[in-house]
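Peer 1: following is a predicted model, sequence given first.
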Amino acid sequence: MATILQIETATQVCSAAIAHDGKTIALKEMMANNIHAGSLTLFIKEAMDSTGFQFEDLDAIAVSMGPGSYTGLRIGVSTAKGLCYALDKPLIAVPTLQMMAEGFMRQNPEYADSICSMIDARRMEVFTSLYDSDLKMLSPVSAKIISEYSFSKELDNGIVTFIGNGAAKCAPVLQHENARFSELNFNSASYMSKLAHTAYSSSRFEDVAYFEPFYLKDFVLTTPKKK
């Protein structure tokens, strides 16, 4: 029976959860801009305190690995790695888009069609991947610029539910009778529990020294235009 601290910072959500034996037992999170650096460690402490566990009682640290916000991922992964070093615990990396699909299935256990996780990558671009209801990956993680022709093959073959903060902006473009959209948030550390427990049970750990977030695209620094 494993006790795992779980961290999700890939989007605007700053989230920390404690899971025991694959089930979430504590959660502290908030959705807001630019709060990860100042709030994550506080959320972790509050989640830990609510369970009665000490940090030494943890068996592993799990972190949402991306893709997503460059800054958010850096904060989440660096915090997870720091805790792994300090506590001498293994690091588990959970694919962010798969975690989102797991969250959707947790809320919709009878669903039997495809799930398309989408994270906003600005303008009409999203980080995305397609899964079936068993969380089997149907298309690799990629950065896509969405048009009316996107996912046409998949939509012609059946229902696809688009989820995540990138889905809403794509809804006016993906006008297909088989397209469905969920407005719920699935970027939560609470949805990492099953995936993290499976990884722990298989000893699927990362090299703490060399692990980096899955950014998918290089970070590009832009300078605001002068008015």
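Peer 2: Arrived safely, thanks for sending.
Peer 1: am I right that residue 126 is in a strand?
Peer 2: Yes - Residue 126: assigned to a strand according to DSSP: H, G, I helix; E, B strand; the rest coil.
Peer 1: how many neighbours does residue 7 have?
Peer 2: 27 (other C-beta atoms under 10 Å). From N, CA and C alone the C-beta is placed, and that goes for glycine too.
Peer 1: break this protein down into its domains, please.
Peer 2: 3-95+187-201, 97-181 (automatic domain parsing).
Peer 1: just those: most buried one?
Peer 2: The highest mean neighbour count among these, using mean count of other C-beta atoms under 10 Å, belongs to domain 3-95+187-201: a mean of 20.
Peer 1: what mean pLDDT does it get?
Peer 2: Throughout domain 3-95+187-201, pLDDT has a mean value of 97.
Peer 1: just the terminal-to-terminal distance for it.
Peer 2: Length of domain 3-95+187-201, first residue to last, C-alpha to C-alpha, to the nearest Å: 12 Å.
Peer 1: would CSV of the domains of the chain with distance to residue 210 be doable?
Peer 2: Shown next, in CSV, are the domains of the chain (distance: least, C-beta to C-beta, whole Å):
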stretch, distance to residue 210
domain 3-95+187-201, 10
domain 97-181, 20
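Peer 1: in contact with residue 86, which residues?
Peer 2: For residue 86, no residue meets the contact criterion (C-beta atoms under 8 Å, 6 or more residues apart in numbering).
Peer 1: the domains of the chain: which one's closest to residue 209?
Peer 2: domain 3-95+187-201 (8.4 Å; C-beta to C-beta).
Peer 1: tell me where the chain has strands.
Peer 2: 3-8, 13-20, 23-31, 60-64, 91-94, 114-120, 125-131, 137-145, 160-163, 179-181 (DSSP state E).
Peer 1: other residues contacting the last one?
Peer 2: Counting by C-beta under 8 Å, 6+ apart, strand 179-181 makes contact with 151, 155, 159, 160, 161, 162, 163, 167, 168, 171, all of which sit outside it.
Peer 1: about what we covered before: out of the strands of the chain, which comes closest to residue 44?
Peer 2: Here strand 13-20 is closest among the strands of the chain (C-beta to C-beta), at 4.5 Å.
Peer 1: which helix runs longest in this protein?
Peer 2: If each helix of the chain is counted by residues according to DSSP state H, the longest one is helix 70-87.
Peer 1: surely residue 19 meets residue 4?
Peer 2: Yes - using C-beta atoms under 8 Å, residue 19 makes contact with residue 4 at a distance of 4.9 Å.
Peer 1: kind regards, and thank you for your time.
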